[in-house]
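# Structure of the sequence below:
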Amino acid sequence: MTPSERSYPTTKSEQEWREQLTPEEYAVLRQAGTERPGTGEYTDTKTEGVYACRACGAELFTSETKFDSHCGWPSFYSPLAGDSVEYLEDRSLPGRPRVEVRCANCGSHLGHVFEGEGYDTPTDQRFCINSIAMTLRPKDA
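Numbering: from 1, shown residues only. Below you'll find the model as predicted:
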């Protein structure tokens, strides 16, 4: 199910999303694309704050749960709140099912979550999130 096929608190037509987002943001957030590893602005960021959905502004993750996974994308071990993201089965890669993570407020694609891969985190999870899908709101701003 694509974001436009489901009802979310924040809804816009695909034309409205195209007008609001850059082509690169649209490709990731609305078409479930992925930015190239190591290219995102928040991959190595240590700034304290809250990461919000770039499409709708909903708060998703905090810097307190961000960790260095060395996977090429910003990684978190837990969302800000259990209901801030939603999970969908992703079978887009043959033979490698994954769990897609979307913004629960607008349905935008954020990335994927991986479990049980030996991460030294409180949840044993890695939320691998595209930088282009988020905006960092610094703590002291």
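# From here on, just use CA atoms for contacts and neighbour counts.
Will do.
# Could you pull out the strands in this protein for me?
49-53, 59-62, 66-67, 75-76, 85-90, 98-103, 109-115, 125-129, 134-138 (DSSP state E).
# Quick check: which of these is nearest to residue 14?
Relative to residue 14, the nearest member of the strands of the chain by C-alpha to C-alpha is strand 109-115, separated by 13.8 Å.
# Tell me the strands beside the closest one, with direction?
strand 98-103 (antiparallel), strand 125-129 (antiparallel) (DSSP bridges).
# coming back round to it: mean neighbour count, the strands of the chain: which tops it?
Greatest average neighbour count among the strands of the chain goes to strand 75-76 (a mean of 26), per mean count of other C-alpha atoms under 10 Å.
# Partner strands of that one, with direction?
In the sheet, strand 75-76 lines up with strand 66-67 (antiparallel), strand 125-129 (antiparallel) (DSSP bridges).
# Name the residues that touch the first one?
Surrounding strand 66-67, the residues in contact under the criterion C-alpha atoms under 8 Å, 6 or more residues apart in numbering are 74, 75, 76, 77.
# Can you add mean pLDDT and distance to residue 10 and give the strands of the chain back as CSV?
Shown next, in CSV, are the strands of the chain (pLDDT from 0 to 100; distance: least, C-alpha to C-alpha, whole Å):
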stretch, mean pLDDT, distance to residue 10
strand 49-53, 98, 12
strand 59-62, 97, 13
strand 66-67, 94, 26
strand 75-76, 96, 24
strand 85-90, 92, 13
strand 98-103, 95, 10
strand 109-115, 94, 14
strand 125-129, 94, 20
strand 134-138, 97, 16
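# Compare the ones you listed and give me the one nearest residue 43.
strand 75-76 (7.8 Å).
# and the strands paired with strand 75-76 as a markdown table, adding distance to residue 82?
Below are the strands paired with strand 75-76 laid out as a markdown table (distance: least, C-alpha to C-alpha, whole Å):
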| stretch | distance to residue 82 |
| --- | --- |
| strand 66-67 | 16 |
| strand 125-129 | 13 |
